[in-house]
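> Model the following, please.
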Amino acid sequence: MITFSPSTRGFYDRTIHARVPADAVDISEARHRQLIEAQAEGKILYVDDDGTPRFRQETLTAHELRTRICRQINREAARRIEKVSPIWRQMNDARTPTPAGEARFARIDAIRKASNDAIAILADLAAEDIGNFNPTEQPAWPQESVE
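Model prediction:
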């Protein structure tokens, strides 16, 4: 049985979770799917007075949407940089330069440039086109590979 906890705003499956908050209310698997799909579409999950989870379409201004997508671009850049070289390796590469370290820094610089390029593209988009911008699938992102 799937449950929803208003206090944690989380879903729990009693067959998986050993601890389920006391305020959790039962919801059907179909309703759970609807709520998850609504969240994926950018709808806001909120709770009625009786603890029942509901959703509504979030209305953002063009500026708010650009700001949200900029954060997504920055998170995507950080994810890609972490794959190339975690911070501990970057520190080691900075302390003791090597050709391999220089190559990693060059790849990081390419990711940062792609991130800046994506933000510049986003800034130039017309308001009605912002919602179609996908920050993870920009052609400027360098090909991912890990050594």
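> And the protein, what are its domain boundaries?
Listed by automatic domain parsing, the domain ranges of the chain are 2-57, 62-132.
> Pretty sure Thr3 sits in a strand.
Yes: under DSSP: H, G, I helix; E, B strand; the rest coil, Thr3 falls within a strand.
> quick one: pLDDT of the spatially most central residue of the chain?
For the chain, the residue nearest the mean C-alpha position is Gln72 (5.8 Å; CA atoms, centre = their mean). Listed pLDDT for Gln72 reads 92.
> was I right about it contacting Glu137?
No: taking contacts as CB atoms under 8 Å, Gln72 lies outside contact range of Glu137: 11.4 Å. Where C-beta positions appear, they are placed from N, C-alpha and C, glycine not excepted.
> what's the nearest residue to Arg104 if we skip its chain neighbours?
Once flanking residues are discounted, Arg104 sits nearest to Ser85: 4.3 Å by CB to CB, 6 or more residues apart in numbering.
> What is the neighbour count of the closest residue to Ser5 other than its chain neighbours?
Leaving out its chain neighbours, the residue that sits closest to Ser5 by CB to CB, 6+ apart is Pro21, at 4.0 Å. Look at Pro21: counted by other CB atoms under 10 Å, it has 14 neighbours.
> tell me the contacts of Pro21?
Applying CB atoms under 8 Å, 6 or more residues apart in numbering to Pro21 gives the contacts Ser5, Ser7, Thr8, Gly10, Tyr12.
> Give me the buried stretch members for stretch 99-111, please.
Buried residues in stretch 99-111, counted by 16 or more other CB atoms under 10 Å: Gly101, Arg104, Phe105, Arg107, Ile108, Ala110, Ile111.
> Which strand or helix spans Arg79?
helix 62-84 (DSSP states H and E).
> Residue ranges in the chain under the pLDDT threshold?
Low-confidence segments of the chain (pLDDT under 70): 44, 57-58, 145-147.
> ranges for the strands of it?
2-5, 10-13, 25-27, 43-47, 53-57 (DSSP state E).
> so which of these gets nearest Glu64?
strand 43-47 (12.9 Å; CB to CB).
> Just give the strands next to that closest one in its sheet, each with its orientation.
Paired strands of strand 43-47, with direction, are strand 53-57 (antiparallel) (DSSP bridges).
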